[in-house]
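1. Predicted structure and sequence below. I'll ask about it afterward.
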Amino acid sequence: MNRNQKAQELLNNLREAIDDAVAESPNVLAAMGELEDAGFCPSFSVSVALPEGKEPPSIELVTADQGLILTASDDSFLRALGIAGDA
C-alpha cells in the first residue's frame, strides 16, 4: 500500500469514527429530532482532508554528541507536561 492509499484509508477511518460519534450523541439526536418535528429535513456533513502538497514532518536522528535543539514551542509543551525545568 502506498502513502496516498494509506492516507486515504486513515481519512476514511476518521470519517467513520466522526459519523459514529455524532450519530450516538444525545444532543445531536435531540436537535435533529426538533428540526424534523418543525418540518425540516436536516442533514450535516463533516469535511476531513489533508492539506494539498504538504508532506508529513520527517523524523531526524539526533545523537548524543549533536545535542537536542528545542524551539520555544517545544519548551512550552514540555513545561505543560511537567517534564522540563528551567535550564
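-> Nice, I can see it. Numbers count the residues shown, from 1 in each chain.
2. which residues touch stretch 28-40?
-> Contact with stretch 28-40 is made by 22-23, 42, as judged by Cβ atoms under 8 Å, 6 or more residues apart in numbering. Glycine gets a C-beta too; all of them are placed from N, C-alpha and C.
3. which of the residues in it are buried?
-> Within stretch 28-40, the residues that qualify as buried are residue 32, counting by 16 or more other Cβ atoms under 10 Å.
4. That stretch: how far from the chain's middle?
-> Averaging C-alpha positions (Cα atoms, centre = their mean, to the nearest Å) puts stretch 28-40 29 Å from its chain's average.
5. you'd agree residue 1 is up against residue 9?
-> Yes: contact criterion Cβ atoms under 8 Å: residue 1 and residue 9 qualify, at 7.5 Å.
6. between the two, who's got more neighbours?
-> Taking neighbours as other Cβ atoms under 10 Å, residue 1 and residue 9 compare with residue 9 leading, 11 against 8.
7. tell me the SS of that one?
-> Assigned with DSSP: H, G, I helix; E, B strand; the rest coil, residue 9 falls in the helix class.
8. what does residue 6 give?
-> Residue 6 is classified as helix under three-state DSSP.
9. mind saving the C-alpha coords of the worst-scoring helix or strand of the chain on mean pLDDT as PDB?
-> Least confident helix or strand of the chain, by mean pLDDT, DSSP states H and E, is helix 72-81 with a mean of 84. The C-alpha trace of helix 72-81 is given here as PDB (Å, rounded to 0.1, in the frame of the first residue of the first chain):
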ATOM      1  CA  ALA A  72      10.100  27.900  22.300                       C
ATOM      2  CA  SER A  73       7.100  25.800  21.300                       C
ATOM      3  CA  ASP A  74       8.800  22.600  22.300                       C
ATOM      4  CA  ASP A  75       9.800  24.100  25.600                       C
ATOM      5  CA  SER A  76       6.300  25.300  26.400                       C
ATOM      6  CA  PHE A  77       4.900  21.900  25.500                       C
ATOM      7  CA  LEU A  78       7.300  20.100  27.800                       C
ATOM      8  CA  ARG A  79       6.700  22.500  30.600                       C
ATOM      9  CA  ALA A  80       2.900  22.000  30.200                       C
ATOM     10  CA  LEU A  81       3.600  18.300  30.600                       C
END
